[in-house]
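Visitor: Sequence and predicted structure are below.
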Number of protein chains: 2
Amino acid sequence: MLSEQLIVETALRMLREHGSAGLSARRLGLALDADPSTLYRYFRGMDDLTLAIGDALIGQALQGWRPTGEWRSDLRGLGLRIHAVYVGHPQAALLTANRVTGRAHELAADEAILDVLRTAGFPLPDTVRIYQAFIDQTLAFAALDAASLALPRESLSADEDMWRSTYARLPRTTHPRIAEAAHLLATRMVDSAYPTALEMLLDGAAAQWEALRSRG
Amino acid sequence: MLSEQLIVETALRMLREHGSAGLSARRLGLALDADPSTLYRYFRGMDDLTLAIGDALIGQALQGWRPTGEWRSDLRGLGLRIHAVYVGHPQAALLTANRVTGRAHELAADEAILDVLRTAGFPLPDTVRIYQAFIDQTLAFAALDAASLALPRESLSADEDMWRSTYARLPRTTHPRIAEAAHLLATRMVDSAYPTALEMLLDGAAAQWEALRSRG
DNA sequence: GGATAAGGTCAATGGTGTTGGCATAAGGCG
DNA sequence: CGCCTTATGCCAACACCATTGACCTTATCC
């Protein structure tokens, strides 16, 4: 009746509906119509469940992805996919974005990224360096963007209101620069800065590739 | 006897010593030799205390900073200072890096960044865009770098060990790319990728400044 | 048909944030 | 001086949390 997959799916749904503080063994058991202690038959604890949720996100990002052979568009696609899935599950992303799960889907993603770079002809040291910069930047922006999406709903303290209640009402005498920019800061971009940053990173990698190519 | 500042300082010390899960109202009260409920005379709740901790970090980063008038080095200095303070308090950074406190020091930091750009002659829309990219990138990397420093100590699950126990032992048949890179991945950089990414962002801003200057 | 093991329940333990009521002490003011 | 107000701290309690060990089905294999 119960299964690891069903539990993870239910947990993801609860995170979406009740916020990242709404996930607890008790509530999860209630949603599954099972005793909370039952969950410990499938996971060592809530932390283990958290890692499983994170791995499910990565798996969802990689689903259906196939390398094209053009390393730049492949990396772009992988980064945007991972970022999109995390932003699509903000509460879950907050819990998992900075964890190393070591589970199947995460390993597959790392293998895929490394394979794209190696197949393109990058030497091993450069591959590892680019890989680290690429995955770190992707997850860092994913976590930040997820946080701004997840926090307003989860808590009534609502950081979002801060922009209207505090920033927009600061007197020009004490904070002139914020005051003059208030109307622009209030309508702050919902679009993430990640795509731009990703393109800049790919530019750097391309320059390196050209340098290698010219030297032979 | 008690004071807001004393409570925040004690909380920072507890976070450093006992990890980010070791901060609780009860333990904090114990460390201050006061009843947990006393804390609610100074803060609306633990979330309010969290925001105060975050603002203390920003205040620490700005302490002693003065603008030189050269916008590029000013921004670089601000970014590196903020990043360094967050990485220096990893457990506290994890709790606060993606929150908007709306308190005095945060407002001062935002005012300082905006002032640097406006004084340099950037138009208002460009100023706001660069400001957002700059602060988001700084905080995103700060949070990610802090996470990798904070997690190993806080939990015995130790993501750090994952690299040795899992990644380094993957068979070449199923994960050839990880296997060949394992020795490089194991000795992964302790250095953050933030300085490089920051310089790239400043490059972009400089290019924009040149374009504005050539047009008049 | 009986042993074995898996899957689920129950009750209990020790932790958490938070609240309301009560005590005490300090300071302002007639 | 005496009183009143306000601030500050303590105590007891509430509702929630993760986790565990003992128990009870139920199905499956030999």
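Guide: Okay, I see it.
Visitor: Chain A against DNA strand D: which residues are in contact?
Guide: Taking CB under 7 Å from any atom of the strand as the criterion, the neighbours of DNA strand D within chain A are A:23-27, A:36-37, A:40, A:45-47. To be clear about C-beta, it is placed using only N, CA and C from the backbone, and glycine gets the same treatment.
Visitor: Let me know how buried residue A:207 is, in neighbour terms.
Guide: Using other CB atoms under 10 Å in any protein chain shown, residue A:207 is surrounded by 10 other residues.
Visitor: ok, which of the residues of chain A next to DNA strand D also contact chain B?
Guide: Under the cut-off given by CB under 8 Å from any CB of the partner chain, chain B has residue A:47 from these close to it.
Visitor: Return the member of the residues of chain A next to DNA strand D nearest to DNA strand C.
Guide: residue A:37 (3.4 Å; CB to the nearest atom of the strand).
Visitor: Give me the pLDDT for that closest one.
Guide: Model confidence at residue A:37, given as pLDDT, is 91.
Visitor: And for the one 5 residues further on?
Guide: Residue-level confidence at residue A:42 comes out at 92, pLDDT.
Visitor: ok, now residue A:212?
Guide: Reading off the confidence values, residue A:212 has pLDDT 87.
Visitor: Surely it touches residue A:117?
Guide: No: shown here, residue A:212 and residue A:117 do not form a contact pair, counting by CB atoms under 8 Å, at 11.8 Å.
Visitor: can you list residues touching both of these two?
Guide: Common neighbours of residue A:212 and residue A:117 (criterion: CB atoms under 8 Å, 6 or more residues apart in numbering or on different chains): residue A:126.
Visitor: Compare neighbour counts for those two and give me the winner.
Guide: More crowded of residue A:212 and residue A:117, by other CB under 10 Å: residue A:117, with 25 against 13.
Visitor: what secondary structure does that one sit in?
Guide: The three-state label given to residue A:117 by DSSP: H, G, I helix; E, B strand; the rest coil is helix.
Visitor: Could you check how far it is from residue A:136?
Guide: When distance is defined by CB to CB, to the nearest Å, residue A:117 is 15 Å away from residue A:136.
Visitor: for residue A:204, same thing?
Guide: From residue A:204 across to residue A:136, the span is 14 Å (CB to CB).
Visitor: Comparing the two, which shows the higher neighbour count?
Guide: Using other CB under 10 Å as the criterion, residue A:204 and residue A:136 rank with residue A:136 on top: 21 against 15.
Visitor: Next, the contact list for that one, please.
Guide: For residue A:136, the residues meeting the contact criterion (CB under 8 Å, 6+ apart) are B:141, B:144, B:193.
Visitor: Highest neighbour count among those residues?
Guide: residue B:141 (27 neighbours).
Visitor: Buried residues in the helix or strand hosting that one, which are they?
Guide: Taking DSSP states H and E as the definition, residue B:141 sits inside helix B:124-154. If you call a residue buried by 16 or more other CB atoms under 10 Å in any protein chain shown, then helix B:124-154 has these buried ones: B:126-151, B:153-154.
Visitor: Likewise for stretch A:51-71?
Guide: Of the residues in stretch A:51-71, those buried under the neighbour-count criterion (16+ other CB under 10 Å) are A:51-62, A:71.
Visitor: Which ones among those map onto helices?
Guide: Per DSSP state H, helices hold the following members of the buried residues of stretch A:51-71: A:51-62, A:71.
Visitor: just for chain A, where's the confidence low?
Guide: Within chain A, the ranges that satisfy pLDDT under 70 run A:152-164, A:187-190, A:216.
Visitor: ok, which stretches of it are helices?
Guide: Assignment of helices within chain A using DSSP H yields the ranges A:4-18, A:25-32, A:46-62, A:71-88, A:90-96, A:104-119, A:124-154, A:159-165, A:176-186, A:194-215.
Visitor: Figure out which of the ones you listed is closest to residue B:165.
Guide: In terms of CB to CB, the element of the helices of chain A nearest to residue B:165 is helix A:104-119, at 12.7 Å.
Visitor: got the contact list for that closest one?
Guide: Residues from elsewhere that reach helix A:104-119, judged by CB under 8 Å, 6+ apart: A:54-56, A:58-59, A:61-62, A:65, A:67, A:69, A:71, A:74-75, A:78, A:82, A:100, A:124, A:126-128, A:130-131, A:134-135, B:166-167, B:170, B:175-178, B:180-181.
Visitor: If we use 7 Å, what do you get?
Guide: The set of residues that contact helix A:104-119 without belonging to it, under CB atoms under 7 Å, 6 or more residues apart in numbering or on different chains, is A:55, A:58-59, A:62, A:67, A:71, A:74-75, A:78, A:127, A:130-131, A:134-135, B:170, B:175, B:177-178, B:181.
Visitor: for stretch A:18-29, same thing?
Guide: Surrounding stretch A:18-29, the residues in contact under the criterion CB under 7 Å, 6+ apart are A:10-11, A:14-15, A:35-36, A:38-39, A:46, A:91, A:94-95, A:150, A:153-154.
Visitor: Would you mark the buried spots in that stretch?
Guide: Using 16+ other CB under 10 Å, the residues of stretch A:18-29 that count as buried are A:18-20, A:23, A:25, A:28-29.
Visitor: so how far is residue A:173 from the nearest residue to residue A:82 once chain neighbours are set aside?
Guide: In space, and not counting its chain neighbours, residue A:82 is closest to residue A:61: 4.6 Å by CB to CB, 6 or more residues apart in numbering or on different chains. Plainly put, residue A:61 is 49 Å away from residue A:173 if you go by CB to CB.
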